[in-house]
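1. show me the folded form of this:
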Amino acid sequence: MTTRVLYPGSFDPIHNGHIEIVETAAEHFDEVIVAAVGNPGKGSGVFTLDERAELIAQVFAHLPNVRSAVHTDLVVRLAQAEEVDFIIKGLRAVSDFENELQQAQLNKAMTGVETLFLPSTSSSSFIASKYVREIARLHGDVSSMVPGPVLASLRAKLGDSD
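-> Numbering: from 1, shown residues only. Predicted coordinates for the structure are as follows:
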């Protein structure tokens, strides 16, 4: 029996904290779907959904059980369409848990799909996409926070920090 999980997020941009969660999930589950999800509540992004999906595919090309997807509807609808066993969410801090728990309970009530929480390590727990975007827009150095393909794409979109 194959175990399939969905890791939804804005991933604008995908960063080393996300990568840690996906690599952990890829070790424990047969298939991991990393879905760039449109979230109007997160403000203007740097990358389009399709660009995010392409970056996800590039970053995880070394993991054959990981694939990218794009979604603009309710996450639970994607979970149902993909017939996932679980939704996974990364946790950086206690404050993340409060919001994610409520979403997990709503998702379970709507569809019966359970959410599993994966904690990040302290070395990546401070990284958030909104901070990466802000630093990159101001031409700061984010090279320690994002993988090479993302860094190159940020520099191409926003200009080099050098």
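
2. beyond the helix or strand of the chain with the lowest mean pLDDT, next helix or strand please.
-> Lowest on mean pLDDT, DSSP states H and E among the helices and strands of the chain sits helix 94-111, with a mean of 90. Using DSSP states H and E, the helix or strand that follows helix 94-111 in sequence is strand 114-119.

3. of all the residues in that next one, which ones are buried?
-> Within strand 114-119, the residues scored as buried using 16 or more other C-beta atoms under 10 Å are T115, L118. Just so you know, the C-beta spots here come from the backbone N, C-alpha and C atoms, and that holds for glycine as well.

4. what mean pLDDT does it get?
-> Averaging pLDDT along strand 114-119 gives 95.

5. list the buried residues in the least confident helix or strand of the chain.
-> For helix 94-111, by 16+ other C-beta under 10 Å, it's D96, E100, A104, N107.

6. quick one: the first one from G38, how far?
-> Yep, that's D96 we're talking about. D96 sits at a distance of 20 Å from G38 (criterion: C-beta to C-beta, to the nearest Å).

7. flag the shaky bits of the protein, pLDDT-wise.
-> Low-confidence segments of the chain, defined by pLDDT under 70: 40-44, 161-162.

8. give me that answer again for 80
-> Low-confidence segments of the chain, defined by pLDDT under 80, span residues 39-44, 95, 122, 160-162.

9. at which residues are the helices of it located?
-> 16-28, 49-59, 75-81, 94-111, 129-137, 148-158 (DSSP state H).

10. for G140, phi and psi?
-> phi -90, psi 170 (degrees, to the nearest 10).

11. the least confident helix or strand of the chain versus strand 114-119: what angle between them?
-> 170 degrees (axes from the mean of the first three to the mean of the last three C-alpha atoms, to 10 degrees).

12. helix 94-111 - contacts with which helices or strands?
-> helix 75-81, strand 86-91, strand 114-119 (3 or more C-beta pairs under 8 Å, 6 or more residues apart in numbering; DSSP states H and E).

13. got TSV for the ones you listed, with distance to G140 too?
-> Formatted as TSV, the helices and strands packed on helix 94-111 follow (distance: least, C-beta to C-beta, whole Å):
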stretch	distance to G140
helix 75-81	31
strand 86-91	23
strand 114-119	27
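
14. out of those, which comes closest to F29?
-> strand 86-91 (7.8 Å; C-beta to C-beta).
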